[in-house]
Structure formats: structure tokens, C-alpha cells
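Participant: Structural data only, the sequence is not supplied:
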């Protein structure tokens, strides 16, 4: 009797049954199991796909929004068939978690075709949107083919503040309507906000609107970046480091999360002090990003040249280009190398390149926020290098 050889199902094949599995097992356990199976190997588990950089809003703080009607930008974007091919290659390489972001993702007329195709490939899909283009019909499609998560950004608790940020009259009402379409269908929806000088006085009103009136979770972030073309214009509406940390201290949940993170990080402090790797994030290790024009990068913020997926395969870009990027070292003196706050501050090559024109140059704003947070947490940071924010012996 001849026995045919049997191979273990691939990680991608297993994810095609994910929606069923998540109904009968705890997601955290399943997620941990996937990561444990991968171990320390470089596997592109989590990907971000920017479908467009065009947007129907004109937010002053946004790192990449182009006008909705920018025909030249639209003509350069990946076509439907190109996106499908890249999704095929991502799935074959082991990608499980996929974020669709923009710009505004629903500006693409082929969004549903792309989304349905990605669902059929077995990805766990998260959608980032401003919510203003959600229709009942689109919400119905989302209900039939549920995403893993949807996140909508609030820019204010009143029309005046919201539209001061977006620059589009009527956008506040359209956003709330889109939120209600999704919420009323029981979709996995969360709300968030970028805190700017334009809307900081309504942070807690936004929280109340989200949690008490809409019954949805809410979080905020004040860590603005320059634009992806390195324009510094968004920084004109960025809060000061002192204002950022003051907001932290006003939110018990946020400060408790920071304390928990600091406690975990303090146990591995020597790792942060001794690392000379340029990257300490997940970029190129288990995560990646693809921009609207087919460039594979470490993350969406990276302004440096990427790998052209129109000319090469995803696997080649992951194995060769991103592997080389991941292996880059800090090759000159820097106070970041031995800083115990390195992971806490969020400093990365993308931030350095965007704000300082140099991926190895520390960003002063991030450094000040990190040290102020450490001070607020009562965490004594040992002096390191030429850091002007550490206590000197």
C-alpha cells in the first residue's frame, strides 16, 4: 500500500480558518501560539498596506494626505490586479495581520473588491478610516464580511473644532453618521484621536462622546510626525513635551499603562543600554509596510527609498532588502545607544530622518517626552552619553 507524503499546513493555510477558530478559542491564546510557532525567525506576520494617500479631508497635522481629486497621484497608485498579486505573495510569505490605511481608504472605487479578496486569503484585517464615506450599503458589506477591527479618528467633540482640523464643512456630522452605521451593526469599532493645539481642549469631551454617548472605546495620541515628504508643517500644531505629559497624568488608565510598560521594560533595561542596532521596533523583523505605489518599506513613516514590488516579488523584498535594513547598526556616537528609555521614547530611524534629515539623529521632542514621562513615573534614569536631560553625578 502506497502512502502519499503529507506536509504540515502552512501558516497561511491555517489562517484561512481563523474566523471560525476565533469563535471557539481565546484570541490572545491563538495569537500567542502563532508568535511562538514563529519563534525568533524573521517572518512578515503583520503588514500595513496604504491603499492611497489621497483624502477627502485637509487636516493640517496629517503626515501624508493628498487632495481627494489628485488625478496624478491616483494614476500612480497600484492597480487592483497589482494589489491582488501583492496580497497573494504576502499571504504565501506568512502574513497574518493586515492593516488597510490611507489617506482615506474608501476613496478607492475598488476598495470592496480588494477587501473581499484579502478576506478570502485569510488575513485578519484592520481598517483605518475617517468614517465620513461610510454608507448603509458599505456597512452592510462589512457586516457580511466582518473585519478584525475598524478604527475611526475623531478630531473634536463639536463641529467647530472637528472641522477646524479637517478643513471640510459638514465633515463632523458625516463622521458621526458613519460611526453609527458601523456601531449599529455590531462591528468591532474603536475611536481614537490625534491631540493637537487645535483640539486639545476637547480631549475629555471626545472621550465622553465616545464612551458615554456612543458606547465605544477611545484612546488618544499626541506624538505628531512631520509629513512623509519631510515637510515640517504638521509640527506647527504639535503640543509641547510638557503638554503631552500633562495629558498623560490626567488619564489614570494611560498613566497606569505607562507604569506597567515601564515596569516590564526595567527588567530588560540592560538590553536597551547595550543595543547598537539602528532598529529596535518590529520593522523588518515581523512587520512591514507597502505604500500606494508599490514600495516595500520598514514602516509607513519611512521616507527612505524602498523595494519596488512592481519589479520584484514580496519575498525577495523581505528576504533581501528589509533584511539588510534590519541589520543596520548605529555607526557613530549617539546618546541613544545606552539609553534606558530607548524603547519608551519611540525614537526610530524614520522619526530621525523625517524630523532631522538623519536616521541616526535623536529627535529632541521625543527625548524630552521620554525623560519627562520617566520623571513623572518616578523612574531614576542613569546618565548616558551626552544626554542633557539626565541627572549628572
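Facilitator: Received the coordinates, thanks. From a predicted model like this one, the values you see are computed outputs, not experimental measurements. Numbers count the residues shown, from 1 in each chain.
Participant: pLDDT weak spots in the stretch 101-250 of the chain?
Facilitator: By pLDDT under 70, the stretch 101-250 of the chain contains no weakly predicted segment.
Participant: Quick check: closest non-adjacent residue to residue 237.
Facilitator: Leaving aside its chain neighbours, residue 237 sits nearest to residue 196 (4.3 Å; criterion: Cβ to Cβ, 6 or more residues apart in numbering). Every C-beta, even on glycine, is put in place using the N, C-alpha and C of the backbone.
Participant: Can you give me the neighbour number for that neighbour?
Facilitator: By the criterion of other Cβ atoms under 10 Å, residue 196 has 22 neighbours.
Participant: go on, residue 45?
Facilitator: Using other Cβ under 10 Å: residue 45 sits among 20 other residues.
Participant: and it, what does it touch?
Facilitator: By Cβ atoms under 8 Å, 6 or more residues apart in numbering, residue 45 lies in contact with 34-35, 38, 94-97, 286-287.
Participant: before we move on, the earlier item: quick check: the residue nearest to residue 237 touching residue 236?
Facilitator: No: assessed by Cβ atoms under 8 Å, residue 196 is found out of contact with residue 236, at 9.4 Å.
Participant: quick one on the thing from earlier: could you tell me how far the residue nearest to residue 237 is located from residue 235?
Facilitator: 11 Å (Cβ to Cβ, to the nearest Å).
Participant: Excluding its own residues, what touches stretch 356-365? List them.
Facilitator: Stretch 356-365 is contacted by residues 230, 238, 241, 278, 304, 330-332, 334-336, 347, 349-353, 355 when judged by Cβ under 8 Å, 6+ apart.
Participant: which neighbours do residue 196 and residue 236 share?
Facilitator: residue 60.
Participant: which residues of this structure fall in strands?
Facilitator: Along the chain, the stretches classed as strands by DSSP state E are 46-50, 54-55, 66-67, 97-101, 124-129, 149-154, 189-194, 218-221, 287-290, 295-297, 307-308.
Participant: Nearest to residue 367, out of the ones you listed?
Facilitator: Across these, residue 367 has its closest neighbour in strand 218-221 (17.8 Å, Cβ to Cβ).
Participant: who's in contact with the nearest residue to residue 339 once chain neighbours are set aside?
Facilitator: Sequence neighbours aside, residue 384 is the residue nearest to residue 339 in space, at 5.1 Å (criterion: Cβ to Cβ, 6+ apart). Applying Cβ under 8 Å, 6+ apart, we find residue 384 in contact with 273, 335, 337-340, 390.
Participant: One more pass at 7 Å, please.
Facilitator: By Cβ atoms under 7 Å, 6 or more residues apart in numbering, the residues touching residue 384 are 335, 338-339, 390.
Participant: ok, so of these, who is nearest residue 186?
Facilitator: Taking Cβ to Cβ as the measure, residue 186 lies nearest residue 339 of those, at 44.7 Å.
Participant: re the thing from before, in helices, which of the contacts of stretch 356-365 fall?
Facilitator: Among those, the residues falling in helices (DSSP state H) are 241, 349-353, 355.
Participant: can you tell me which of those lies nearest to residue 101?
Facilitator: residue 350 (15.4 Å).
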